[in-house]
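J.: Sequence plus the predicted model coming up.
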Amino acid sequence: SAVISQKPSRDICQRGTSLTIQCQVDSQVTMMFWYRQQPGQSLTLIATANQGSEATYESGFVIDKFPISRPNLTFSTLTVSNMSPEDSSIYLCSVGTSGSQPGELFFGEGSRLTVL
Amino acid sequence: AQRVTQPEKLLSVFKGAPVELKCNYSYSGSPELFWYVQYSRQRLQLLLRHISRESIKGFTADLNKGETSFHLKKPFAQEEDSAMYYCALSGYSSASKIIFGSGTRLSIRP
């Protein structure tokens, strides 16, 4: 298993600003993912954070809007840039460990962003 | 296209009654199917995987490839089963991304 810490747990932001969410894992992990959960909706994968290379973004998500860093195997950041009210969501960091089976993800508590 | 459909946003049943949370999927290939659960004020966590063929907390789920379904069942609901349940799928590769359904909130009435 893996213990994941996300910061901030929640924030209220002004339109047009940017916010960086941090994800810290208590062990080295191979796969790290960022999901978004908009109010009343399911989890949508934003991107896979790759250590040492650019993140792999899903359709509908771009690097300029959601830049991601992954400097090592235990840490990643997601930035939500130039925020608008439509970006109000819960952002979740999740990881798959080398000992876990395909599909077994561990999740952080999430970062709840409200954009005014 | 890869998709997971959970037709029910909310399911409310009485304690002791049977529960079935529906999940249908579309996937070009042989997917792995999962159920994740999120209890109140807790993190999302894996409940069970189809490949394990096991019962977790009394829940079972059978993969029906003909109907492309993976419904979650429990014969006798308990109050502590109240939670948000998400059906999810991925490919067999360990690098496959996971796609989630929209979730069903299960409420068990005393």
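T.: Thanks, I have it.

J.: what residues does chain A put near chain B?
T.: A:31, A:33, A:35, A:41-45, A:48, A:58, A:92, A:96, A:101-110 (C-beta under 8 Å from any C-beta of the partner chain). The C-beta positions use only the backbone N, C-alpha and C, and glycine is treated the same way.

J.: So which residues of chain B form helices?
T.: Along chain B, no segments are classed as helices by DSSP state H.

J.: Point out the residues in it that sit beside chain A.
T.: Checking chain B against chain A by C-beta under 8 Å from any C-beta, the hits are B:32, B:34, B:43-46, B:49, B:51, B:86, B:88-103.

J.: and residue 85, what is it in contact with?
T.: No chain in the question, so chain A it is. A:P85 sits next to A:R15, A:V115, A:L116 when contact means C-beta atoms under 8 Å, 6 or more residues apart in numbering or on different chains.

J.: wait, I meant chain B there
T.: B:Y85 makes contacts with B:Q6, B:L21, B:W35, B:Y36, B:V37, B:Q38, B:L47, B:L72, B:G103, B:T104, B:R105, B:L106, as judged by C-beta under 8 Å, 6+ apart.

J.: Tally up the residues packed near the nearest residue to the third one once chain neighbours are set aside, please.
T.: Distances taken as C-beta to C-beta, 6 or more residues apart in numbering or on different chains put B:L47 closest to B:W35, at 4.4 Å, once the chain neighbours are dropped. B:L47 has 19 neighbouring residues, counting by other C-beta atoms under 10 Å in any protein chain shown.

J.: which residues in the chain form strands?
T.: Here I'm looking at chain A. Residue ranges of the strands in chain A, as given by DSSP state E, are A:4-7, A:10-13, A:19-25, A:31-37, A:43-49, A:56-57, A:68-72, A:75-80, A:89-96, A:106-107, A:111-115.

J.: oops, chain B please
T.: With DSSP E as the criterion, chain B has strands spanning B:3-5, B:10-14, B:19-21, B:24-26, B:32-38, B:45-49, B:60-61, B:72-74, B:83-90, B:99-100, B:104-109.

J.: Many thanks, I have nothing further to ask.
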